[in-house]
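**Q** Any chance you could fold what I've pasted below:
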Amino acid sequence: MGMMQEFKEFAVKGNVIDLAVGVIIGGAFGKIVGSLVDDVIMPIVGAVFGNLDFSSLYVTLGKVPEGTAPTLAALKEAGVPTLAYGNFITVAINFIILAFIIFMMVKQVNRLKRETPPAAPAAPPEDVVLLREIRDSLRK
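**A** As a prediction, this is how the structure comes out:
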């Protein structure tokens, strides 16, 4: 079997296609959750902590050139090494929310999934039934 034929068989397997669909939907779902975190949840969390914007939290690790604005974007543009831990907090909260939403989705799918009843045992072949009848008649 040629390499191209093997690749074709691999690529059109159901699992590979399911995985590709899952990755595409996951990317779109990630954007939705990212927007939820950035546009809805983080402003509320920031308001609770006194109008704090997590993305602007940083620590400078080097000398700041004179005349550079004290913002993360300006410091990065000036080449000043910074530890932007606020972005990390935002991404960590994003991950926790995403993990919780996926957990709830899986929990609902498992709850809705009906347990399939075990299959009824297949009837024994006719010759086995006949042999059992002969055995039972000989016992009598």
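**Q** next structured bit after the longest helix anywhere in the chain?
**A** Secondary structure of the chain per DSSP state H: the longest helix is helix 85-112. The helix or strand immediately downstream of helix 85-112 is helix 126-139, counting by DSSP states H and E.
**Q** I'd like the average pLDDT over that following helix.
**A** For helix 126-139, the mean pLDDT works out to 90.
**Q** which residues are in contact with that helix?
**A** Contact with helix 126-139 is made by Pro124, as judged by CB atoms under 8 Å, 6 or more residues apart in numbering. (C-beta placed from N, C-alpha, C; glycine too.)
**Q** try it again with 10 Å
**A** Residues from elsewhere that reach helix 126-139 (CB atoms under 10 Å, 6 or more residues apart in numbering): Ala123, Pro124, Pro125.
**Q** and the gap between Ala120 and Ile97?
**A** Distance from Ala120 to Ile97, counting by CB to CB, to the nearest Å: 45 Å.
**Q** For these two, indicate the residue with more neighbours.
**A** Taking other CB atoms under 10 Å, Ala120 and Ile97 do not tie; Ile97 has more neighbours (15 against 6).
**Q** Which residues are in contact with the more buried one?
**A** The contact partners of Ile97, taken as CB under 10 Å, 6+ apart, are Val33, Gly34, Leu36, Val37, Ile41.
**Q** and if we set it to 8 Å?
**A** With contact taken as CB under 8 Å, 6+ apart, Ile97 is in contact with Val33, Leu36, Val37, Ile41.
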